[in-house]
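here is a sequence with its predicted model. Questions after.
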Amino acid sequence: MKKYFPFIFTLISCFTTILAQEENFFLIARNKGEKILTTGDTIRTFGFARKLSEQPGVPGPTLVVKEGDSVHIDLLNMSQGAPHTIHLHGLDVDQQNDGVPHLSFEIPHMEHGFYHFKAPHPGTYLYHCHVASTIHVQAGMYGLIIVKPSDGSNKTWDGGESFVNEHSYFLSEIDTVWHRDSVLLHPYDTSHVMNHIQIPHFDPQFFLINGLSDQQLLDSNVVFESSMGQQDFVRLANIGFCGVRVIFPQQLKARIVSSDGRPFETEESSDTIYVYPGERYGVLTKSSVEFSDQIRFEYLDLNTNQLKNTQVIPVSVQGQLGLPNFDQEEITAQLVPNPFYGNTDLHLSLREGRELTFKIYDLQGRLVEEHEERFFTVGQHEVALGKSLRESGIYTLQIISAGNVIQLEKLLRLE
Ligand SMILES: [Cu+2]
């Protein structure tokens, strides 16, 4: 055994190295960005870009890493004005790398600053400049950091639930008055910067999701598209000054499972979730029906609790597409006949014995029939379905194995 030990040790360390990587990001802080609003007006922004030929976006680039990765961020300030930093909001980093100017360091014009951290718990985090942060954040200096599980898989965390697609909705606002040079180009004083700034009353005219609002939210990168029975993950994060009440369509059966990179001990099933400034949440969704609706984002004034604005993201859940975890080799299923009167037979071909549950839903998502059956033998089986369907119409059959929907079929019952 002794002589094998170094070999095994090398193997283990190689394996660890493969999983945990070095992730290097290069960001440039700029103070002459432009943002086009839904009205067609252009405002000046500050922000982070990945290269000199790129406009700094609002929000800045999303940084995606894996749990355990050694992450290095090189920030170059090319803003010809105030210094900038990167504060890693919610991440467990040491003080030197946390980007709070008077507690670590700030980066003047034409200088580099380096931030290092080991990516902690999988989850959704923020980064933003922490110099005169009230102004620099409103100016646009913010972005998302997503920490995936160590194997990079589509799971909420190591050993957590799987999902097919993820959607990040990053909330903020814009008050165009704050984007005038008189506010943005504030006098800078390293000792007590905020005392020298006249900050106008914040009264936003634009309410943003991923930097977009109103008709811009019809962008295919933003809309929520999924398939029946498909589990998806929604990341919600708020860097604005409003509280945002997020309301999911009830068909998505939203489950709030994590916050701040930590799983909740008890998850909460709720269509409504309040996301206050700085907060991030993880929400799992899964619809058993085909439908179209929208996710509503209601922006609330935190002083008065009054509704300031509502933005919506279109939701479309399609039938029969994108089935997760379905191994075509193991099971085939066909309804004969379909459409049918009375009942129909499901012809199953199994390559291994298994326990299956059959659930039939109507178009409103109500469960109208359920069978459970254990098949001990491989080969052909027949299951009579649809006996309890009283009305003619379209129904959906889910075939479930070990808790996963492995196949969906549409049934058409005739009178
Ligand atoms: Cu800054």
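Perfect, thanks for sending it.

buried ones in the strand of greatest length in the chain?
The residue-count maximum for a strand in the chain (DSSP state E) belongs to strand 22-36. By 16 or more other C-beta atoms under 10 Å, the buried positions in strand 22-36 come out as 25, 27, 28, 29, 30, 31, 33, 35. Just so you know, the C-beta spots here come from the backbone N, C-alpha and C atoms, and that holds for glycine as well.

following that strand, which helix or strand comes up?
Helices and strands here follow DSSP states H and E; after strand 22-36, the next one along the chain is strand 42-49.

direction included, what does the following helix or strand past that following strand pair against?
Remark: after strand 42-49, the chain's next helix or strand is strand 63-66, criterion DSSP H and E. Its sheet considered, strand 63-66 pairs with strand 142-148 (parallel) by DSSP bridges.

and the angle for the strand it pairs with with strand 22-36?
150 degrees (axes from the mean of the first three to the mean of the last three C-alpha atoms, to 10 degrees).

extract the C-alpha trace of strand 142-148 and format it as PDB.
This file holds the C-alpha atoms of strand 142-148, laid out as PDB (Å, rounded to 0.1, in the frame of the first residue of the first chain):
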ATOM      1  CA  TYR A 142     -22.700  47.100 -10.700                       C
ATOM      2  CA  GLY A 143     -23.000  43.500 -11.900                       C
ATOM      3  CA  LEU A 144     -23.900  40.000 -10.900                       C
ATOM      4  CA  ILE A 145     -21.600  37.200  -9.700                       C
ATOM      5  CA  ILE A 146     -23.000  33.700 -10.100                       C
ATOM      6  CA  VAL A 147     -21.300  30.800  -8.200                       C
ATOM      7  CA  LYS A 148     -22.300  27.400  -9.700                       C
END
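
any idea how far that strand is from the chain center?
Strand 142-148 has its C-alpha centroid displaced from the chain centroid by 10 Å (C-alpha atoms, centre = their mean, to the nearest Å).

that one vs the ion: in contact?
No - Strand 142-148 lies out of reach of the ion by C-beta under 5 Å from the ion, never closer than 10.0 Å.

okay, now residue 85: neighbour count?
By other C-beta atoms under 10 Å, 26 other residues sit near residue 85.

nearest residue to it in space, please, no chain neighbours.
Spatially, and ignoring its direct neighbours in sequence, residue 85 is nearest to residue 99 (3.9 Å; C-beta to C-beta, 6 or more residues apart in numbering).

point out where the chain drops to low pLDDT.
Applying pLDDT under 70 to the chain picks out residues 1-20, 189-198, 320-330.

the ion contacts on that one?
Neighbours of the ion within the chain, by C-beta under 5 Å from the ion: 84, 129, 131, 136, 141.

okay, now the third one: neighbour count?
Number of residues near residue 131 (other C-beta under 10 Å) recorded here: 23.

quick revisit: could you name the helices and strands sitting against the longest strand of the chain?
strand 42-49, strand 63-66, strand 70-77 (3 or more C-beta pairs under 8 Å, 6 or more residues apart in numbering; DSSP states H and E).

between those strands, which one is nearest to residue 174?
With C-beta to C-beta as the measure, strand 42-49 is the member of these nearest residue 174 (7.1 Å).
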